[in-house]
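Colleague: here is a sequence with its predicted model. Questions after.
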Amino acid sequence: MMSDVVVVGAGAFGVWTALHLVESGAAKVTLLDAYGPGNPRATSGDETRQIRGGYGAREIYSRWALRAMERWRKRQQEFGRQLFYPIGRLEMAPTATAAMQATARVLDKLKVPIEALTPEEIRKRWPQIRPEGIGAGLYEPGAAILKARETCIAVAAQFQKKGGTLTIARAEPGSAASGKLMDLKLQDGGKLAAASFVFACGPWLRKLFPSLLGARIATPRRDVLYFGPPAGDIRFTYPNLPNFSESAFYGFPSLDSRGIKICPTGADANFDPDSDERIAAPYQMKRARDYLALRFPAMRDQPIVATHVCQLENTADEHFIIDRHPEWSNVWIAGGGSGHGFKHGPVLGDYIARRVLGGNPEPELEQFFKLNKA
Ligand SMILES: Cc1cc2nc3c(=O)[nH]c(=O)nc-3n(C[C@H](O)[C@H](O)[C@H](O)COP(=O)(O)OP(=O)(O)OC[C@H]3O[C@@H](n4cnc5c(N)ncnc54)[C@H](O)[C@@H]3O)c2cc1C
């Protein structure tokens, strides 16, 4: 059986694209993943991700995120499981940063509720936060936590229910002729032919297309640490604490009793998503612990109860890459989520599917997503 489209990669970019392709009714679709949807090596394979409208001056992503919020709410009903947890997001800084000011301007323009908070107001609203050294707070009440790996599993299941084929296999480009890719080479020696291909391989894109993407996508690691709150203490548990962020740290309240999540930023070396071990670095554990003690005094000395190490797939300008392969007109590259791609899944997948099927739904966006920018 020949597929019309094969999507390689069942992370956020791939599953949502595959689902929209199959829903279009225009294509027979196969979704391939080397390790399975939501696997722990994938950038989408962590427990949770955040959705927020605040994007500094990057209004295009604010607009997409706001559209995505509506779709997440509808999709979780369709899938019959909660994936979207409204909670709000508090950004803190010693003084209002240019990015906070730009966020406030854009969200005001888009009529998204937002509140500027003083340290006293932060302390009053969430007494479990100590706003030491904080001079400015920006609160976006509409922000939410998304279930990450569970979403990949749920979307892949819906894709199959609607007629798509999911296969666990590693693939790489196979033979090509007349400016087109003819088939994929599978790890077991098999081949898979199709009319079009979408490579949505996140941090693996630079390994699959080293000369094209090796220098365009960087894959630094990120350590994610979950700290267990004191027994019986629900002040750090959803929905009693918002998502929070400041310069080198961000985090979420404990969801499903996993513990309060802290992610220290930093680290630049490329991480190998296949073979590097995912053991949290003592240095990052210490940084997270020190931050926790400063900002949430009741969490001082609480233990790390779980860790997750993942990797980003950053482009230089943090725009996604959604473009045709320069040599094969029937091959699309979709990735470069750059630390903010997950939330857009339901909008992104729709957009990519339409591009693959020959449309260009928002032509003004094409320039941002190009491999080669003018
Ligand atoms: C610490 C951290 C925090 C983040 N926080 C947020 C956030 O709060 N909000 C947000 O919106 N975004 C966030 N992001 C970004 C977001 O998680 C990513 O942009 C998004 O998950 C990337 O999805 P993807 O589908 O491109 O890649 P992946 O999820 O990595 O999926 C790629 C898939 O391709 C498969 N694959 C690879 N190569 C092959 C092959 N040759 N054959 C078959 N299968 C293959 C892999 O197994 C994998 O399942 C964060 C990222 C990190 C690292």
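Modeller: It's in. Just so we're clear, the structure is a prediction, and the values are computed from it rather than from any experiment.

Colleague: show me where the stretch 201-350 of the chain has helices.
Modeller: When secondary structure is read from DSSP state H, counting those that start in this stretch, the stretch 201-350 of the chain shows helices at 205-208, 210-213, 282-295, 345-356.

Colleague: ok, the second one near the ligand or not?
Modeller: The one in question is helix 210-213. No. Among the residues of helix 210-213, none lie within reach of the ligand under C-beta under 6 Å from any ligand atom; the closest is 12.1 Å away. Just so you know, the C-beta spots here come from the backbone N, C-alpha and C atoms, and that holds for glycine as well.

Colleague: what residues does that helix touch?
Modeller: Helix 210-213 has contacts (C-beta atoms under 8 Å, 6 or more residues apart in numbering) with 205-206, 321, 325-326, 333, 371.

Colleague: now the two most distant members of those.
Modeller: Spatially, the most separated pair among these is Arg206 and Pro326, at 15.6 Å (C-beta to C-beta).

Colleague: which positions in this structure make contact with the ligand?
Modeller: 8-14, 32-35, 39, 42-44, 49-50, 170-172, 200-204, 208, 222, 224, 263, 310-313, 335, 337, 339-343.

Colleague: rerun that using 5 Å as the cut-off
Modeller: In this structure, the chain approaches the ligand at residues 8-9, 11-13, 32-35, 42-44, 49-50, 170-171, 201-202, 204, 222, 310, 312, 335, 337, 339-343, judged by C-beta under 5 Å from any ligand atom.

Colleague: most tightly surrounded among the helices of the stretch 201-350 of the chain?
Modeller: Highest mean neighbour count of those: helix 345-356, a mean of 24 (counted as mean count of other C-beta atoms under 10 Å).

Colleague: nearest to Ala248, of the helices of the stretch 201-350 of the chain?
Modeller: Taking C-beta to C-beta as the measure, those were each checked against Ala248, and helix 282-295 came out nearest at 7.8 Å.

Colleague: quick one: mean pLDDT for the closest one?
Modeller: The average pLDDT within helix 282-295 is 97.

Colleague: helix, strand or coil for Leu138?
Modeller: Three-state assignment for Leu138 (DSSP: H, G, I helix; E, B strand; the rest coil): strand.

Colleague: how close does it get to Ala104?
Modeller: When distance is defined by C-beta to C-beta, to the nearest Å, Leu138 is 6 Å away from Ala104.

Colleague: neighbour count: these two, which is higher?
Modeller: Leu138 (23 against 18; other C-beta atoms under 10 Å).

Colleague: which residue is the nearest non-sequential neighbour of Glu362?
Modeller: Counting by C-beta to C-beta, 6 or more residues apart in numbering, the nearest residue to Glu362 once its immediate chain neighbours are dropped is Tyr351, at 6.9 Å.

Colleague: contact partners for the one you found?
Modeller: Taking C-beta under 8 Å, 6+ apart as the definition of contact, the neighbours of Tyr351 are 322, 361-362, 365.

Colleague: tell me which of those residues fall in strands.
Modeller: Taking DSSP state E as the definition of strands, those contribute Ile322.

Colleague: just the buried ones from the contacts of Tyr351?
Modeller: Among the contacts of Tyr351, the ones that count as buried by 16 or more other C-beta atoms under 10 Å are 322, 365.

Colleague: out of the contacts of Tyr351, the closest to Glu120 would be?
Modeller: The closest of those, once distances to Glu120 are taken by C-beta to C-beta, is Leu365, at 41.5 Å.

Colleague: sorry, back to before: buried subset of the contacts of helix 210-213 as a PyMOL selection?
Modeller: Buried members of those can be picked out in PyMOL with the line below, counting by 16+ other C-beta under 10 Å:
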select buried, resi 205+206+321+325+333+371
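
Colleague: any chance of the contacts of helix 210-213 in CSV, with pLDDT too?
Modeller: Shown next, in CSV, are those (pLDDT from 0 to 100):
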residue, pLDDT
Leu205, 98
Arg206, 97
Ile321, 98
His325, 98
Pro326, 97
Ile333, 98
Leu371, 96
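
Colleague: which of the contacts of helix 210-213 sits closest to the ligand?
Modeller: Minimum distance to the ligand across the contacts of helix 210-213 is 7.8 Å, recorded for Leu205 (C-beta to the nearest ligand atom).

Colleague: what sits against that closest one?
Modeller: Residues counted as contacts of Leu205 (C-beta under 8 Å, 6+ apart) are 199, 213, 217, 313, 321, 333, 335-336.

Colleague: among those, which are located in strands?
Modeller: Going by DSSP E, the strands hold 199, 321, 333, 335 from those.
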